[in-house]
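# Got a predicted structure plus its sequence, pasted below:
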Amino acid sequence: MQLESMPFGTRGGMAVTHVFPADGDYTFTVRNLGVGTYIPNEQFEFSIDSDRVHSWIYSGMGANAGMDSAADGQLEVTLPVKAGTRLVGATFVATNYRPSLDVAQHFDRKSLENGRVRELSNYPIIGALRIEGPFNSIRPVDSQSMRKVFSCRPSSALEEGPCAEEILTTLARRAYRRPPSSEDLETLMAFYDEGREIGTFDDGIEMALRRLLASPQFLSEWSVNRPSGCLANLTVSVIWN
């Protein structure tokens with residue numbers, strides 16, 4: 001049966017939404033669920049955002065890949081992926097739309113057995129999908145999260161200061177849940193200047209953002225008009241809500 005969000009012509013498998021923090025290489029490990037004998041020669045495919053990026057024939061893998069049609073094993077592939085939130089899919093190509101005739105095999109079974117009948121063949125099953133990385137990562141030029149942070153881009157060195165102040169004012173207002181004070185901005189701009197001295201404009205914003213995320217004003221919100229003796233309300237915020 002085709003899973004929701006998976007391409008047409010596929011059967012079963014697993015689909016997960018994963019946030020890739022940076023452009024780089026990621027290692028994907030797919031582990032099968034070896035409980036019985038599987039129908040051989042099934043085509044396994046791996047996709048990102050519904051586009052096929054790698055495929056295997058699920059039979060005769062041998063020790064090189066560590067996966068066969070009768071036992072637990074795993075397949076690994078390392079692929080370059082752009083930063084962002086993406087749909088990662090691991091599935092099988094649907095070769096037909098009828099129940100397989102391979103399940104109707106002769107077998108001997110004792111009357112006291114209550115486990116799985118090993119002589120019955122079934123379609124292969126994916127047991128787990130692991131994503132590791134990034135490796136050889138580079139800073140993304142553009143991503144959904146960067147577009148939410150960088151409300152402006154300076155075209156010259158003279159525009160960097162005002163642009164940084166605009167960005168940090170917006171982020172501080174969202175993080176602190178109030179208009180930032182002049183002292184708030186002075187603190188953040190000091191961290192921006194420190195990062196800018198040793199790197200680029202983006203490095204300066206990153207340094208200021210680190211300071212903002214470590215601020216108690218971002219991590220918690222204390223109720224001012226709370227009844228005497230009551231514990232303060234603690235609210236965890238997401239910066240771009």
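In hand now; what should we look at? Residues are numbered from 1 along each chain as shown.
# Next up, the contacts around residue 178.
Contacts for residue 178 (C-beta atoms under 8 Å, 6 or more residues apart in numbering) come out as none. Quick note: C-beta positions are derived from backbone N, CA and C, even for glycine.
# What of the one 4 residues further on?
Residue 182 makes no contacts at all, as judged by C-beta under 8 Å, 6+ apart.
# What of residue 179?
So, once contact is read as C-beta under 8 Å, 6+ apart, residue 179 ends up touching residue 173.
# okay, it: pLDDT?
As predicted, residue 179 sits at a pLDDT of 93.
# distance of the residue lying closest to residue 166 once chain neighbours are set aside from residue 21?
Once flanking residues are discounted, residue 166 sits nearest to residue 152: 5.5 Å by C-beta to C-beta, 6 or more residues apart in numbering. According to C-beta to C-beta, to the nearest Å, residue 152 stands 23 Å off from residue 21.
# what do you get for residue 88?
According to C-beta to C-beta, residue 88 stands 14 Å off from residue 21.
# Name the residue in those two with the higher neighbour count.
residue 88 (20 against 13; other C-beta atoms under 10 Å).
# Mind jotting down where the strands sit in the chain?
Along the chain, the segments classed as strands by DSSP state E run 10-20, 23-32, 37-38, 42-48, 51-58, 74-81, 84-93, 121-122, 126-138.
# and of those strands, who's closest to residue 191?
Each of the strands of the chain has some distance to residue 191 by C-beta to C-beta; the shortest is strand 126-138, at 23.2 Å.
# Show me what the closest one is packed up against.
Contacts defined by 3 or more C-beta pairs under 8 Å, 6 or more residues apart in numbering; DSSP states H and E place strand 126-138 against strand 10-20, strand 23-32, strand 74-81, strand 84-93.
# before we move on, the earlier item: need the pLDDT of the residue nearest to residue 166.
At residue 152, pLDDT is 94.
# one step back: of all the strands of the chain, which lies closest to residue 202?
strand 126-138 (12.2 Å).
# Kindly present the strands of the chain as TSV, with separate columns for mean pLDDT.
Listed next are those as TSV, based on pLDDT from 0 to 100:
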stretch	mean pLDDT
strand 10-20	88
strand 23-32	90
strand 37-38	60
strand 42-48	87
strand 51-58	84
strand 74-81	88
strand 84-93	90
strand 121-122	63
strand 126-138	90
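# Pipe the ones you listed into CSV and attach distance to residue 158 per row.
Shown next, in CSV, are the strands of the chain (distance: least, C-beta to C-beta, whole Å):
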stretch, distance to residue 158
strand 10-20, 35
strand 23-32, 30
strand 37-38, 65
strand 42-48, 41
strand 51-58, 43
strand 74-81, 37
strand 84-93, 32
strand 121-122, 68
strand 126-138, 28
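# Tell me which of these sits nearest to residue 147.
Of all the strands of the chain, strand 84-93 sits nearest to residue 147, with 10.4 Å by C-beta to C-beta.
# could I get that closest one in PDB with only the CA atoms?
The C-alpha coordinates for strand 84-93 follow below in PDB (Å, rounded to 0.1, in the frame of the first residue of the first chain):
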ATOM      1  CA  GLY A  84      16.100  23.100   5.100                       C
ATOM      2  CA  THR A  85      13.200  21.000   6.200                       C
ATOM      3  CA  ARG A  86      12.800  18.000   3.800                       C
ATOM      4  CA  LEU A  87      10.700  14.900   3.400                       C
ATOM      5  CA  VAL A  88      12.900  11.800   3.500                       C
ATOM      6  CA  GLY A  89      11.400   8.600   2.200                       C
ATOM      7  CA  ALA A  90      12.500   5.000   2.100                       C
ATOM      8  CA  THR A  91      10.200   2.700   0.200                       C
ATOM      9  CA  PHE A  92       9.800  -0.100  -2.400                       C
ATOM     10  CA  VAL A  93       8.700   0.100  -6.000                       C
END
